[in-house]
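1. Pasting the sequence and the predicted model now:
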Amino acid sequence: MRRTAPTPPLRRIALGLVAVTAAALALTACGPSGSTAGGKTEITLSMQNPDVKTADPATWAIVQAFEKANPDITVTVSGEAVADHLQKLSIAAQSDTLPDIFWVYKSTAEDMQKAGKLLDLAPVLKDLNLMDKFPESTVKNFSTGDVVYGVPYQGLLTGLWVNKKILSENGIAMPKTFDDLVAAAKTLKAKGIPTISDGANQSSFSVWSFLTDLDRFGFEDKVSGLLDGSVKYTNDDFLRLYTHIDQLRKAGAFPTNVSTQTYQQAVDQFTNGKAAMLDAGVWASSAIQGSSIAADIDFWKGPEFSDGVGEQNIIMNVASAPFAVDHKVANDSKKLAAVKKFIGFYYSDQAQQILVDNGQPPVTTYQAKVDADKQSALKAALDASTADGVTSPQSQPDLLVPTAVANAMYDSIYGVIQGQLTPSAALDLVQKALDSNRK
């Protein structure tokens, strides 16, 4: 998801008249379109990237392989940037013109499911014998009671990519704790080298490693209370984490142009050997593999905190935002059959290997075939996710909250990274979003 940036640029959703009008004009492309000429059945797939072929080659390759295997079915792929995509889906849900299959934010899917807009996928998964191919936590994460409203799009394996050569040349051992990371940042700052390459411009979602850190301060146990108001985001545990982020800023850990560079520019900074680490996920493996630093790469789950809460030896290795299916698909037998075939193919071993070949981890229990030489970056990330004793939360924190709250979380973290917000002010920003969500 990837959420991936990358899947997930969740920008603030403009709800003004102009934006709503523009989205409404696009509803025809968003809605299902029935059968095509020549007897082919058409299904629509709506994604969170404007150019799926370029930005999401794994999904594109799976679609092409599916159509080759099923010449009687056409998959019409469309997409927009995440904010536009989510807004368009929300409007389409209100007018009951959703696409057949679509990528959607988990919290949005839950709202759609409550409104009766989504197909219950439990019977489909049982018919296809797919239930046992997903980790139990994945099915649970996209279920309400016995209803399964979503299936995993891609894996969300995130952390810090590390250029071991830069660390070694500066006498820095691979860090383990937060104190190790701060010490490394101070050493690298003196040499003019950013420790963690990040980019806030047009990519405020790109704080994956810090979202994992939230789980090192008890987010998973707190999230239910955060949503119902019994727990405040302005708690002492989160304050300690945000204070640590501020410590990294003061130690010079981030690029001086973090406010103006984008996520892609942050990737370029890292792959050009100009930063010691990159805050990203497994989706960046292909770009890293094709760069001059590929031989020097490792993947780090992130720092452990002596003042953290709960398990520290964790890595974010979860299903990203899901695919959902429009409830009206059930009213068209040919379309339902085509959608079932697509789902069955997407989670087949063949398609899961296509994910792997495009730098993505499988989302089923399929054992990936990874070329240790040609995919050394991907292998480093997969190895980190299966290291002895490492565990994973059930979901990334921002996937468990409404969009407005997720945006506030991103802004709060980048606000501290850029020195625009104090830790306390950053917590207040998210708390206000939570309070507004309950009104």
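-> Noted; the coordinates are in hand.
2. The closest residue in space to Gly229 that isn't next to it in sequence: what's it in contact with?
-> Closest residue in space to Gly229, ignoring its immediate chain neighbours: Arg438 at 5.8 Å, by CB to CB, 6 or more residues apart in numbering. To be clear about C-beta, it is placed using only N, CA and C from the backbone, and glycine gets the same treatment. Arg438 is in contact with 227-229, counting by CB atoms under 8 Å, 6 or more residues apart in numbering.
3. 10 Å - rerun?
-> By CB atoms under 10 Å, 6 or more residues apart in numbering, the contact list for Arg438 reads 227-229, 402.
4. Quick check: buried residues in stretch 419-433?
-> The neighbour-count check on stretch 419-433 (16 or more other CB atoms under 10 Å) flags 421, 423, 426-431, 433 as buried.
5. From these, pick the one nearest Gln48.
-> Ala433 (21.3 Å; CB to CB).
6. Name the helix or strand for that closest one, please.
-> Assessed by DSSP states H and E, Ala433 sits inside helix 423-438.
7. just Gln352 next, same as before
-> Using DSSP H and E, the element containing Gln352 is helix 349-357.
8. buried residues in the helix or strand that comes right after that helix?
-> Counting by DSSP H and E, the next helix or strand C-terminal to helix 349-357 is helix 376-385. By neighbour count, with 16+ other CB under 10 Å as the criterion, the buried positions of helix 376-385 are 376-382, 384-385.
9. Can you list the neighbours in contact with the helix holding Gln352?
-> For helix 349-357, contacts defined as CB under 10 Å, 6+ apart pick out 57-66, 69, 133, 154-155, 286, 342, 344-346, 348, 360-371, 374-375, 378, 382.
10. Output it as PDB, nothing but the C-alphas.
-> Presented in PDB, the C-alpha positions along helix 349-357 are these (Å, rounded to 0.1, in the frame of the first residue of the first chain):
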ATOM      1  CA  ASP A 349       0.500 -18.600  -6.600                       C
ATOM      2  CA  GLN A 350       1.100 -17.300 -10.100                       C
ATOM      3  CA  ALA A 351      -0.100 -13.800  -9.300                       C
ATOM      4  CA  GLN A 352       1.600 -13.700  -6.000                       C
ATOM      5  CA  GLN A 353       4.900 -14.500  -7.700                       C
ATOM      6  CA  ILE A 354       4.200 -11.600 -10.100                       C
ATOM      7  CA  LEU A 355       4.000  -9.400  -7.000                       C
ATOM      8  CA  VAL A 356       7.300 -10.700  -5.800                       C
ATOM      9  CA  ASP A 357       8.900 -10.200  -9.300                       C
END
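11. For the nearest residue to Glu311 once chain neighbours are set aside, the count of nearby residues, please.
-> Spatial nearest neighbour of Glu311, excluding adjacent residues (CB to CB, 6+ apart): Thr391 at 6.1 Å. Using other CB atoms under 10 Å, the number of residues around Thr391 comes to 9.
12. repeat for the one 4 residues further on
-> Using other CB under 10 Å, Ser395 has 23 other residues around it.
13. List the residues that contact it.
-> By CB under 10 Å, 6+ apart, the contact set of Ser395 is 106, 137-138, 140-142, 156, 215, 220, 223, 316, 318-321.
14. before we move on, back to that, please convert the buried members of the contacts of Arg438 into PyMOL selection syntax.
-> Selecting only the buried entries of those in PyMOL, with 16+ other CB under 10 Å as the criterion:
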select buried, resi 227+402
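15. Of the contacts of Arg438, just say which sits nearest to Gly252.
-> Pro402 (34.6 Å).
16. how about the closest one, what does it touch?
-> Residues in contact with Pro402 (CB under 10 Å, 6+ apart) are 105-108, 110-111, 227, 408, 433-434, 436-438.
17. chain center to the helix or strand in which Ser209 is found, what's the gap?
-> Per DSSP H and E: Ser209 is located in helix 208-215. Remark: helix 208-215 is offset 12 Å from the chain centroid, using CA atoms, centre = their mean, to the nearest Å.
18. Now that helix - C-alpha only, CSV.
-> Provided in CSV are the C-alpha atoms of helix 208-215 (Å, rounded to 0.1, in the frame of the first residue of the first chain):
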residue,chain,number,x,y,z
TRP,A,208,6.0,5.0,7.8
SER,A,209,8.8,4.3,10.3
PHE,A,210,7.3,6.8,12.8
LEU,A,211,3.8,5.1,12.5
THR,A,212,5.5,1.9,13.5
ASP,A,213,7.1,3.8,16.4
LEU,A,214,3.6,4.7,17.6
ASP,A,215,3.0,1.0,18.1
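19. Now it: average pLDDT?
-> In this model, helix 208-215 has a mean pLDDT of 98.
20. In this structure Val363 contacts Gly155, no?
-> Yes: counting by CB atoms under 10 Å, Gly155 is a contact partner of Val363 at 5.2 Å.
21. more neighbours, these two?
-> Comparing Val363 with Gly155 by other CB under 10 Å, the one with more neighbours is Gly155, at 27 against 24.
22. Now do the same for the residue lying closest to the more buried one once chain neighbours are set aside: its pLDDT.
-> Nearest non-adjacent residue to Gly155, counting by CB to CB, 6+ apart: Pro361, 4.1 Å away. We have a pLDDT of 88 for Pro361.
23. since we're on Pro361, how many residues are nearby?
-> Residues near Pro361, counting by other CB under 10 Å: 23.
24. Please name the residues that touch it.
-> Counting by CB under 10 Å, 6+ apart, Pro361 makes contact with 154-157, 281-283, 285, 317, 352, 355, 368, 370, 378, 381-382, 385.
25. cutoff 7 Å now
-> Contacts for Pro361 (CB atoms under 7 Å, 6 or more residues apart in numbering) come out as 155, 157, 282, 368, 382.
26. Likewise for Asp100?
-> Asp100 is in contact with 32, 43-44, 325-326, 329, 335, 339, counting by CB under 7 Å, 6+ apart.
27. Ser306 is in contact with Arg240, correct?
-> No: with contacts counted by CB atoms under 7 Å, Arg240 stays clear of Ser306, the gap being 10.3 Å.
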